[in-house]
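Novice: next come a sequence and a model predicted from it.
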Amino acid sequence: MTLTLRVATYNIHHGARGDGRLDLPRIAGAIADLRADVIGLQEVDVGYGTRSGFEDQAARLAELLGLRGCFGAAIDRPPAVAGSRRQQYGLALLTQHEITAHAMHLLPGHPHLDALRERRGLLSVTVRPPGQEPLHVLVTHLDHEERGHRTAQVLRIIEHAETLDGPLVLVGDMNADPCAPELAPLAARGWREAAGEISGAGPRSPLMAMMTAALPWARSAGRATFPSRLPLRRIDSIWVRGDLEATGLEVGTSRASDHRPVVAALRRVPAAL
């Protein structure tokens with residue numbers, strides 16, 4: 001049986017629309033429209049604060065969609081009120097398949113500021129589709145301010161991926177164009193970005209990467225993801241490694257978050273005889 005999957009990434013902005021209004025059911029609707037088997041989520045609140053009603057958004061979305069789920073905390077603070085749950089914020093994965101393992105790994109950042117703002121992390125999940133070998137899915141959200149931090153985070157992700165066997169998928173809000181220099185180590189270690197694989201476009205030169213960073217509207221039409229109201233930047237992406245190939249890619253049209261979701265159709269490449 002050939003493995004075919006639809007894998008998505010979506011920064012849900014703690015369930016808030018562009019105008020700041022909380023609307024988690026609308027986020028669930030946007031996810032359902034993707035018809036994805038596996039969905040990696042960023043900016044997920046779990047008991048985090050009043051902005052999301054202290055709700056466990058990972059569990060609530062899994063319930064609304066009838067999916068299995070897991071969560072990893074990038075921020076983990078003591079309860080606001082004694083006896084209540086801890087205030088957490090981070091990454092989640094939803095899937096219709098069995099989750100056999102999951103672990104959260106914190107990524108390097110600014111040591112003096114990490115206590116005051118969001119740590120960056122990697123949620124590493126093993127999913128087992130029926131009748132198939134396990135698939136490792138990595139979910140991340142890279143630093144939004146400093147290229148050097150993103151580079152260090154990418155290198156740590158690669159280091160973790162080297163400990164895993166079999167096909168891998170990396171999804172996330174990279175806060176960088178797929179051809180940005182800080183993401184180049186992924187391609188150097190055999191990772192392929194889904195949109196680039198479908199179009200057959202090879203890596204761009206450093207000069208072209210710099211130009212597209214300065215001129216976000218020059219990116220591939222229809223693939224920009226942020227901001228959702230008028231997308232100009234392609235910062236949410238899906239990467240594969242091993243005997244998987246991307247056969248299709250779509251950017252959702254929902255404005256339920258400040259990002260638009262991305263979903264890729266993947267299939268297992270038959271082994272050569």
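Specialist: Yep, it's here.
Novice: only C-alpha atoms from now on, for both contacts and neighbour counts.
Specialist: OK.
Novice: and the contacts of stretch 101-108?
Specialist: Residues from elsewhere that reach stretch 101-108, judged by CA atoms under 8 Å, 6 or more residues apart in numbering: 70, 72-74, 119-127, 149, 152-153, 156-157.
Novice: try it again with 6 Å
Specialist: With CA atoms under 6 Å, 6 or more residues apart in numbering as the contact definition, stretch 101-108 has outside contacts at 72, 120-126, 153.
Novice: please apply the same query to stretch 2-16.
Specialist: Residues outside stretch 2-16 that contact it (CA under 6 Å, 6+ apart): 22-24, 36-45, 171-172, 257, 259, 261-268.
Novice: kindly report the same for stretch 83-98.
Specialist: By CA under 6 Å, 6+ apart, stretch 83-98 touches 37-48, 67-79, 127-129.
Novice: those helices in this structure, which residues are they?
Specialist: Secondary structure of the chain (DSSP state H): helices at 24-34, 57-65, 147-161, 184-188, 194-199, 206-214.
Novice: using PDB, write out every CA atom in the second one.
Specialist: Going back to what we said before, that points to helix 57-65. Extracted as PDB, the C-alpha positions of helix 57-65 are listed here (Å, rounded to 0.1, in the frame of the first residue of the first chain):
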ATOM      1  CA  GLN A  57      -7.100  25.000  22.800                       C
ATOM      2  CA  ALA A  58      -5.200  21.900  21.600                       C
ATOM      3  CA  ALA A  59      -7.800  19.600  23.300                       C
ATOM      4  CA  ARG A  60     -10.700  21.700  22.200                       C
ATOM      5  CA  LEU A  61      -9.700  21.700  18.500                       C
ATOM      6  CA  ALA A  62      -9.200  18.000  18.700                       C
ATOM      7  CA  GLU A  63     -12.700  17.600  20.100                       C
ATOM      8  CA  LEU A  64     -14.300  19.900  17.500                       C
ATOM      9  CA  LEU A  65     -12.600  18.100  14.700                       C
END
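Novice: now it: buried residues?
Specialist: Buried residues in helix 57-65, counted by 16 or more other CA atoms under 10 Å: 57-62, 65.
Novice: same question, the fifth one
Specialist: Taking 16+ other CA under 10 Å as the basis for neighbour counts, the residues of helix 194-199 that come out buried are 194-197.
Novice: gap between stretch 162-177 and the chain center?
Specialist: 9 Å (CA atoms, centre = their mean, to the nearest Å).
Novice: what does stretch 146-153 give?
Specialist: Counting by CA atoms, centre = their mean, stretch 146-153 comes out at 17 Å from the chain centroid.
Novice: same question for stretch 37-48.
Specialist: 9 Å.
Novice: dump that stretch to PDB, restricted to CA.
Specialist: Taking Å, rounded to 0.1, in the frame of the first residue of the first chain, the C-alpha atoms of stretch 37-48 are listed here in PDB:
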ATOM      1  CA  ASP A  37      -4.600  13.900   7.800                       C
ATOM      2  CA  VAL A  38      -2.000  15.600   9.900                       C
ATOM      3  CA  ILE A  39      -1.900  19.300  11.000                       C
ATOM      4  CA  GLY A  40       0.900  21.100  12.800                       C
ATOM      5  CA  LEU A  41      -0.200  24.200  14.700                       C
ATOM      6  CA  GLN A  42       1.700  27.200  16.100                       C
ATOM      7  CA  GLU A  43       0.700  29.800  18.800                       C
ATOM      8  CA  VAL A  44      -1.600  27.500  20.700                       C
ATOM      9  CA  ASP A  45      -2.900  28.500  24.200                       C
ATOM     10  CA  VAL A  46      -3.400  25.900  26.900                       C
ATOM     11  CA  GLY A  47      -4.600  27.600  30.100                       C
ATOM     12  CA  TYR A  48      -2.500  30.500  29.100                       C
END
